[in-house]
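>>> let me see the structure of the following:
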Amino acid sequence: MAVIRIKNLLIPTIIGFNPEERNNLQDVKINLEIEVDISGALVTDHQDEIYNYKTITKSIVSFVSASNYNLLEKLTNEVLQLIMADKRVLRAKVEIDKPGALRFSESVSVELEAKR
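All right, here's what the predicted structure looks like:
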């Protein structure tokens, strides 16, 4: 097994339910942990045997930048479901931070995890 970690993806999106949040893009910071079986790749050293983290990252960036959610929880769940759609993923954890969401706080985050 391998754990792939993608750290601090910064993506502008519409997130929140206040009027200023509905009209202005805000950056969200995404951290991912994806567990996959790479035993085939360790034997063959061939790219067809791996889970392509560049591909899933591009999909997440495209999805999140086009999304328009009220709740950080909903956005986090949708990103998790996008990752879990690939049957090779055994476990995934998604944490999405919303910087500046609370006064006196650096950020607020929601973390969700799924397993097969």
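>>> going forward, measure contacts and count neighbours with C-alpha atoms only.
Will do.
>>> which parts of the longest strand along the chain are buried?
Ranked by residue count, the top strand of the chain under DSSP state E comes out as strand 2-15. Applying a neighbour-count criterion of 16 or more other CA atoms under 10 Å, the buried positions in strand 2-15 are Val3, Leu9, Leu10, Ile11, Pro12, Thr13, Ile14, Ile15.
>>> now swap in stretch 103-110 and tell me
Going by neighbour count (16+ other CA under 10 Å), the buried part of stretch 103-110 is Ser109, Val110.
>>> pull up the distance across that stretch, start to finish.
For stretch 103-110, the first-to-last residue distance is 17 Å (CA to CA, to the nearest Å).
>>> cool, and stretch 21-29?
First-to-last residue span, stretch 21-29, CA to CA: 16 Å.
>>> avg pLDDT for that stretch?
Mean pLDDT, computed over stretch 21-29, is 94.
>>> what of stretch 105-116?
Across stretch 105-116, pLDDT averages out at 95.
>>> chain center to the helix or strand bottoming out on mean pLDDT in the chain: distance?
Counting by mean pLDDT, DSSP states H and E, the chain has its least confident helix or strand at helix 39-44, which shows a mean of 82. On the basis of CA atoms, centre = their mean, to the nearest Å, helix 39-44 sits 26 Å off its chain's mean C-alpha point.
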